[in-house]
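J.: dropping the sequence and predicted coords here.
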Amino acid sequence: MTMLLVVLALAVGTYATRIAGVLLHDRLVLPERLRHLLPIAATTLLAALVATAVFTEAGRLSVGVARPLGVLVGAVLAWRKAPFVVVVVAAAVSAALLRLAGLP
Amino acid sequence: MRQANGRDAVLWRDAAAIGAATGVIGLSFGAIAVASGLPAWVPASMSVLVFAGGSQFLAVALMTGSPIAAVAGGVLINARHLPFGLAVGPAIGRSKPARFAGAHLVIDESTAFALAERHPERRARAFWAVGLTIFVTWNVGTLIGIALGGAVSDPAVYGLDAAFPAGLLALLLPSLRDRATRAAAIAGSLLAVATTPLLPAGLPVLAALLGVGAALLLPTPSARAAGAPADAVRVVGPEPAAHQDGAAALDTQAPRGSR
């Protein structure tokens, strides 16, 4: 019973934040200066997700090097305009190989 | 026509790549959930109804010990979807059914793919293609993970923990050419990493929104679009000297005016 309530409450809470953003977009009358900040805010949140995924783990700063180096390989390839698939696969393979070589 | 078809093929190929990676993470989610003793319907229903990876892992970990923290923490982690919806809202569609269905597909990857496109129609295609692909792979992955149970190993072994940030970063790179966006993203990322040991899960990423303040210190796009070089705007503009220093310090990564 508790588990069902947790699943439902999390589902409702999550959907509420999603639909609120989508519907608010039209209702919200923003001056141009603020409106152009919306994509900047979304990009900033995504960049922060990337940074925390690379440099932290379970609420702590991560000491591993395999993951940051793998992401670096992917980032350089992306900067050199490599296809998205190549970026993702190269990052994963690099990190996996570095771990295979014994790096944390 | 041919070119449009080619771009669609690339979009679906990229969606398949991020979808496959997400599927494997979903697999580990399903496996971890049943291995921790939860009944199969919990991870299965979560992947359909919640459809947000980070909050699902957190909720599964806290489910039996502290159910209230499971909900509160999960909703906090997902609070970023509100600004995501604000940013990609028009890409989802005009009709009511499209909006109410599309809102459920507002996730990190669909937002990043949509924002990487400039043209509104391409933006909508990217949002739906990636959102739907990942909805399918995430749920199929979860079900396979439930079936396999404890037999699944850590996805980090395959380097998937590096695949995700690398993919997201690749999608963000075009936006980061804009100086104001880059300043906000760098400031926000530093804030998020620095506050991770101090704040509960979910809050550090939200704290990154304070980094948007860095974008406010830079000239507006309209000022630059008017054809004035950024330097001229800064020199003749009424900006205080302190702002100039801050802006100059953040502008170290790309040649001025490259967009």
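T.: Received it, and whenever you're ready, just let me know what you need. Note that the coordinates shown come from a computational prediction; the quantities given were computed from them, not determined experimentally. Numbers count the residues shown, from 1 in each chain, chains lettered A, B, ... in the order given.
J.: could you point out which element follows the helix or strand of chain A with the lowest mean pLDDT?
T.: Least confident helix or strand, chain A: helix A:32-35 with a mean of 83, by mean pLDDT, DSSP states H and E. Toward the C-terminus, helix A:32-35 is succeeded by helix A:37-55 as the next helix or strand (DSSP states H and E).
J.: please see if the least confident helix or strand of chain A touches chain B.
T.: Yes - judged by C-beta under 8 Å from any C-beta of the partner chain, helix A:32-35 and chain B are in contact via A:32-33. Any C-beta I mention is one placed from the backbone N, CA and C, and that applies to glycine too.
J.: export that helix as PDB, just CAs?
T.: Output in PDB follows, covering the C-alpha atoms of helix A:32-35 (Å, rounded to 0.1, in the frame of the first residue of the first chain):
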ATOM      1  CA  GLU A  32      11.800  39.900 -24.200                       C
ATOM      2  CA  ARG A  33      14.800  40.300 -22.000                       C
ATOM      3  CA  LEU A  34      13.500  37.600 -19.700                       C
ATOM      4  CA  ARG A  35      12.100  35.400 -22.400                       C
END
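J.: the closest residue to chain A within chain B: neighbour count?
T.: Using C-beta to the nearest C-beta, residue B:85 is the residue of chain B that sits closest to chain A, at 2.1 Å. By other C-beta atoms under 10 Å in any protein chain shown, the residues close to residue B:85 number 26.
J.: over to it: give its phi and psi.
T.: Per-residue torsions, residue B:85: phi -60, psi -40 (degrees, to the nearest 10).
J.: for the nearest residue to it once chain neighbours are set aside, what are its contacts?
T.: Closest residue to residue B:85 apart from its sequence neighbours, by C-beta to C-beta, 6 or more residues apart in numbering or on different chains: residue A:21 at 2.1 Å. Taking C-beta atoms under 8 Å, 6 or more residues apart in numbering or on different chains, we find residue A:21 in contact with B:81-87, B:89, B:103, B:106.
J.: and residue A:21, that's in a helix?
T.: Yes - applying DSSP: H, G, I helix; E, B strand; the rest coil, one finds residue A:21 inside a helix.
J.: from residue B:96, how far off is it?
T.: Remark: distance between residue A:21 and residue B:96 (C-beta to C-beta, to the nearest Å) = 16 Å.
J.: just checking, residue B:199 touches residue B:205?
T.: No - counting by C-beta atoms under 8 Å, residue B:199 stays clear of residue B:205, with 9.6 Å between them.
J.: higher neighbour count, those two?
T.: More neighbours surround residue B:205 than the other of residue B:199 and residue B:205, with 29 against 16 (other C-beta under 10 Å).
J.: look at the nearest residue to residue A:38 once chain neighbours are set aside and report its pLDDT.
T.: Leaving aside its sequence neighbours, residue A:38 sits nearest to residue B:87 (C-beta to C-beta, 6+ apart; 4.7 Å). For residue B:87, the pLDDT comes out at 93.
J.: residue B:87: which element?
T.: Per DSSP H and E, residue B:87 falls inside helix B:81-92.
J.: got a list of contacts for that helix?
T.: Outside helix B:81-92, the residues that touch it by C-beta under 8 Å, 6+ apart are A:14, A:17-26, A:28, A:38-39, A:41-42, A:45, B:52, B:98-99, B:102-103, B:106-108, B:110-111, B:114-115, B:120, B:123-124, B:126-127, B:209.
J.: do you know how far the residue nearest the centre of chain B is from residue B:178?
T.: With distances taken as C-alpha atoms, centre = their mean, residue B:108 lies nearest the centre of chain B, 2.7 Å away. Look at residue B:108 and residue B:178: by C-beta to C-beta, they are 20 Å apart.
J.: and the end-to-end length of stretch B:203-216?
T.: 22 Å (C-alpha to C-alpha, to the nearest Å).
J.: tell me the spacing between residue B:87 and residue B:163.
T.: Computed as C-beta to C-beta, the residue B:87 to residue B:163 distance reads 24 Å.
J.: looking at those two, which is more packed in?
T.: residue B:163 (32 against 24).
J.: just the pLDDT at the residue in chain A that chain B sits nearest to, thanks.
T.: Nearest to chain B in chain A, going by C-beta to the nearest C-beta, is residue A:21, at a distance of 2.1 Å. For residue A:21, the model assigns a pLDDT of 95.
J.: how far away is it from residue B:106?
T.: Relative to residue B:106, and taking C-beta to C-beta, residue A:21 is found at 7 Å.
J.: now do the helices in chain A.
T.: Taking DSSP state H as the test, the helices found in chain A are A:2-27, A:32-35, A:37-55, A:66-79, A:84-100.
J.: quick one, phi/psi of residue B:71?
T.: With angles defined as degrees, to the nearest 10, residue B:71 sits at phi -70, psi -50.
J.: quick check, it in contact with residue B:59.
T.: Yes - using C-beta under 8 Å, residue B:71 is in contact with residue B:59, at 7.3 Å.
J.: overlap of the contact sets of those two?
T.: Counting by C-beta under 8 Å, 6+ apart, the residues touching both residue B:71 and residue B:59 are A:6, A:10.
J.: between these two, which has more neighbouring residues?
T.: More crowded of residue B:71 and residue B:59, by other C-beta under 10 Å: residue B:59, with 28 against 25.
J.: list the residues that contact that one.
T.: Residue B:59 makes contacts with A:6-7, A:10, B:46, B:50, B:70-71, B:73-74, as judged by C-beta under 8 Å, 6+ apart.
J.: pLDDT score assigned to it?
T.: 94.
J.: with residue A:26 instead?
T.: 81.
J.: before we move on, the earlier item: roughly how far does the residue of chain B closest to chain A sit from residue B:161?
T.: The value you get for residue B:85 to residue B:161, if C-beta to C-beta is used, is 27 Å.
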